[in-house]
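> Fold the following and give me the result.
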Amino acid sequence: MARARTPRSAPVRRSPWRRRIVVTLQILIGLAILALGALVIAVYVAKSQLPSFDELKSSPNGQMIRVHAADGSVIVSMGPSYGEWLSYGSIPAVMRDATIAVEDRRFYSHPGVDPLGIARSVMVRYERGRWIQGGSTITQQLARNVFLNNQKKFGRKFREWILALALERKFGKEQVLELYLNKVYYGGGAYGIDAASRKFFGHGAERLSLAEAAVIAGLVKAPSNYSPTADAQAAVGRAGVVLDSMVRYGAITQSQADDANPKQLALAPEPRQNSARYFTDWALPQLDTLIDETEAPLDVWTTLDLGMQRDADAAVRANAPAGAQGALVSLDRDGAVKAMVGGKDYVSSIYNRATQAQRQPGSAFKLFVYLAALEAGHKPEDQVVDEPVTIDGWSPRNDSRRNSGSVTLRTAFAYSLNTVAAKLGQEVGFATVADMARRFGITTPVNTHPSMVLGTSDVRLLDMTRAFASVANKGVAVTPYGITKVTANGQTIYTHEVDRSRVLVAPYVAAQMTDLLQTAVNTGTGRAAQIGRPVAGKTGTTSSSKDGWFMGFSSGLTTGVWMGRDDARPIKGLHGGTAPARAWAAYMKPATASRPIEQFETQVTLPEWQLEPDEETYFGQPDAETAGPMVDEDGNPIQQPPRDGDEPVDGTIPPPPATTQPQQQLDDLIDRVTGRDQPRDERRDERRDERRDPALTPGRQPLPREDRRDFAPATRQPLQRPLQDDRPIQ
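As a prediction, the model looks like this:
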C-alpha cells in the first residue's frame, strides 16, 4: 500500500533589516578586534621607544640658569626653575593625596586612560555646548607635558592616549606619579613640587603642610590664575576646592580640612628686581659666546659683590640730582666687575646707562690726550704756555676766560686747562689721541677734529672705566668681565682666565699719568672724591652741564660714575667735581675699607699754583662750550640757540664782559693766589715758602704729612724725535 507524501514546509524568509544589522555587528566586532589589536601594537611599540625612567628624570622642560654672586648666593634664576628631585617615598602623603583628589580620583584603578572620565567630559560638553572639563588622567597630563603640546586636536589626543597607556605599562603607578609631581608646571617658572614649594613658601617640598599642599595642587589647573603671588584670594579659594575633594576622596576628615586654613599661610617674599639686574642683563648674553650647552641647567658664577652693589646703588640714588639719572661701574684690578648700576631704579627703567648709553665725556677724555703727550716724551714738570690758540679756525678757551701763561703739565691737567689740551693734541696729532683712546678700549667712534681733545666723541661709561683701570694696572690692558665659571649638572664647562699679556703703554707712562691724576684729586677739580687714602682720578663736564663724570681708582679698585638726563637737557649745577665725585666717594669709602692702603709709585706733587675756589664751582660752563654736542665737518662747534644761563657758542673767544665787582674780586683773588701781583723774585720766594708750609696759601687745606713728600719721577729717556700727526702707532 502506497504511503502518502507529506508536503514540504515552506522556507522561512528573514527580514533584510535583520540581516543588515547582523552583518554590521559582525563588521563592527571585526573592526573593534582590529582596532584593539592595532592599539595593543601601538602601545607596545610606544612602550619600547619610551626613554628610561632615569632619562625622563634628567630631561628638563627648557634650560634653567641660576646666577650666583661672588659669595655664592643666587642673584636671580632665569628660565624654568627646578628644585630637588623627590622620590615617591619622599613626597609627603598629603601632596600625593591632594593631587590625586583634585586631578584624577581613579588614578589607581584605570590603565592610564579613564573611560568614565572621558564619558563625563563628553556629557558636560553636550550639556554646556563647549568643553568645560577634560577627561585627562594624571598619566595623560604627564605624557602631554613631556612628549606633546597643548594643541586641542583629536590626533594629538589619540597620541596622548597611546603614550599614557604605554607609560603605565612600562613604569607603573608609583613611578608615573613621581614623574608627574617632579615635572608638572606650577607657575612662576617653577617645575615640580619642590621648586613650587621653595618659590611660594621658602622651603623644600618634603616639609609641605596640608594647607600648602592644597595650594600647590590647586595650581595645576591654571597656574597663572591661581598663583598665590599673583592673586592670593583666588589661590585660597582654589585650595578650598582641593581640601573638599580630599574629604570626598577619603584622604582627610572634614575636621582636618577645617584646621588647614590656607588663609593663614605665609608666602615667601618675592625677590626684588633691584639694580643687580643691570649686571645680569649685561653678563648673561655673553654665555652665547662662552659655552655651547643649550639644554642642561646652568649655574653661572659671577664677580658681583652684593655688598658693594648695595653701596653703589645707594651712592647713585643719594647723589644724583633731581630729574637726572646716574650710572656706576666698579672694576677690580683684574677687570672683575664688582658693582654695576645702570640707573636709579631698574623697575622703572631697564635701560643700562653703564653699558648702553653713549654720552660725551668732557674733560675726562683728556686722559688720552695726556697719555699721548707723555708717550711722546713730555713730563709732568714740563712747562707749557697757556695762551689763546686757534687750530683750523677753532679757538678753545678756558673756563675762566683767562690765560695763565707758563704752567706745568701737572697744573694744566689739575685745573683742566682747555687751551693746553688743544695744543698738546695738535702737537702729538689728533689721530694719535684717537688711536690712544681706541688702544685703551674705547669702542665707539672717535673723531679726529681738533675739538675732540675736549671730549666731543660719545663714549660708554664701561669703556671709560676700563681705560682708567688700565692706567691703574701700570699700562697693562684690563678687560671687564662678569662671569668667572659656568657649571652644568655639577661639571665645570667654562672658567674665565685673565689675560695680562697686552701692554698698552710703558709702565713709566702709566706712572706719570697716575701722578697727574693724583694732583687732580688732591688740589684740582676732583677734590670732592677724597676718601682718606691715595686716590687718582679725573672729572668731566660737558657743555651747559648736560653730563657729569668722575673716573678714578684707589687700592686696586677703579670706579666710574656718570650723571645726566636721558634727554640730554642741561642740569643746573651738575659738574664732574660735584655730584658724580661725591657719589664716587660715597661708594669707594666703604668699598675700599677692607682693602689695604696702597701708595702709588709716584707720590702726589702739588701744582705750582692753586685756584680757589674750584673753577668748576665758579664757572657754570665747565670744559668750554666749544666742546658742545654738535660740530661741523671741520670739527668746529655749531652755534646753538642760547638758553637761559648759557654763554654764546660761536667757536671764537667772546669779548670780555663788563667787569662786575664779584668778577673783579675773583680776578684779584686769582692774581693774589698765583702771585702775579708781585715781582717775579717775590713770587719765586713765596712758592718756596709754600712748599715748606702749604697752609700759607690762602684757601689751601694742609695735607697729611705723608702726602707732602717730594715727587720722584720714574727714570726714562725722552723720545729722540717728535711724534708726527700721521705717524702710525708702533
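> The helix or strand where L374 lies packs against which elements?
Using DSSP states H and E, L374 sits in helix 366-375. Counting by 3 or more CB pairs under 8 Å, 6 or more residues apart in numbering; DSSP states H and E, the packing neighbours recorded for helix 366-375 are helix 409-414, helix 418-428, helix 430-439, helix 461-472, helix 507-522. No exception for glycine: its C-beta is placed from N, CA and C like everyone else's.
> What lies in contact with that helix?
When contacts are defined by CB atoms under 8 Å, 6 or more residues apart in numbering, helix 366-375 is touched by residues 380, 409, 413, 416, 421, 424-425, 427-429, 432-434, 436-437, 440, 442, 453-455, 467-468, 471, 505-506, 509, 512-513, 516-517, 538, 551, 723.
> Filter these down to the buried ones.
Taking 16 or more other CB atoms under 10 Å as the criterion, what is buried in those is 380, 409, 413, 416, 421, 424-425, 427-429, 432-434, 436-437, 440, 442, 453-455, 467-468, 471, 505, 509, 512-513, 516-517, 538, 551, 723.
> re the thing from before, out of the helices and strands packed on helix 366-375, flag the one nearest P396.
Nearest to P396 among these is helix 418-428 (4.6 Å), distances taken as CB to CB.
> helices or strands up against the lengthiest helix in the chain?
The helix spanning the most residues in the chain, taking DSSP state H as the definition, is helix 16-49. In terms of contacts (3+ CB pairs under 8 Å, 6+ apart), helix 16-49 is packed against helix 154-170.
> Give me the pLDDT for the residue nearest to I597 when sequence neighbours are not counted.
Nearest residue to I597, sequence neighbours excluded (CB to CB, 6 or more residues apart in numbering): R533, at 4.8 Å. Note on R533: pLDDT of 95.
> and what of V486?
Confidence at V486, expressed as pLDDT, is 97.
> What of R333?
If you check R333, the pLDDT there is 96.
> Was I right to think it contacts K474?
No. With contacts counted by CB atoms under 8 Å, R333 stays clear of K474, the gap being 9.8 Å.
> Let me know the distance separating A322 from N403.
36 Å (CB to CB, to the nearest Å).
> which one of the two has more residues nearby?
Taking other CB atoms under 10 Å, A322 and N403 do not tie; N403 has more neighbours (17 against 5).
> contacting residues around the more buried one?
N403 sits next to D386, E387, P388, T419 when contact means CB under 8 Å, 6+ apart.
> Can you tell me the SS state at it?
coil (DSSP: H, G, I helix; E, B strand; the rest coil).
> and the end-to-end length of stretch 215-231?
12 Å (CA to CA, to the nearest Å).
> Contacts for that stretch, please.
In contact with stretch 215-231 (CB under 8 Å, 6+ apart) are residues 95, 98-99, 101-103, 141, 184-188, 193, 196-197, 200, 208, 234-236, 238-239, 241-242, 262, 265, 267, 270.
> Which parts of the stretch 1-150 of the chain are strands?
Using DSSP state E, counting those that start in this stretch, the strands of the stretch 1-150 of the chain run over residues 65-68, 74-78, 81-82.
> helices or strands up against the shortest one?
Same thing as strand 81-82. For strand 81-82, the packing partners by 3+ CB pairs under 8 Å, 6+ apart come out as strand 190-191, helix 193-201.
> Just the angle for the last one relative to strand 74-78, thanks.
I take that to be helix 193-201. 120 degrees (axes from the mean of the first three to the mean of the last three CA atoms, to 10 degrees).
> So what's the gap between helix 193-201 and the chain middle?
Offset of helix 193-201 from its chain centre (CA atoms, centre = their mean, to the nearest Å): 26 Å.
> Name the next helix or strand downstream of it, please.
That would be, after helix 193-201 and using DSSP H and E, helix 210-217.
> Ends of stretch 327-347, what's the gap?
Stretch 327-347: ends 15 Å apart by CA to CA.
> What residues of that stretch count as buried?
Buried-residue list, stretch 327-347, by 16+ other CB under 10 Å: 327-344, 346.
> same thing with stretch 210-230?
Going by neighbour count (16+ other CB under 10 Å), the buried part of stretch 210-230 is 210-220, 223, 226-228.
> Please give the centre-to-centre distance between it and its chain.
For stretch 210-230 - counting by CA atoms, centre = their mean - the centre lies 31 Å from the chain centre.
> returning to what we had before: could you redo the helices and strands packed on strand 81-82 as TSV and give each row mean pLDDT and distance to T495?
Below are the helices and strands packed on strand 81-82 laid out as TSV (pLDDT from 0 to 100; distance: least, CB to CB, whole Å):
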stretch	mean pLDDT	distance to T495
strand 190-191	87	29
helix 193-201	90	28
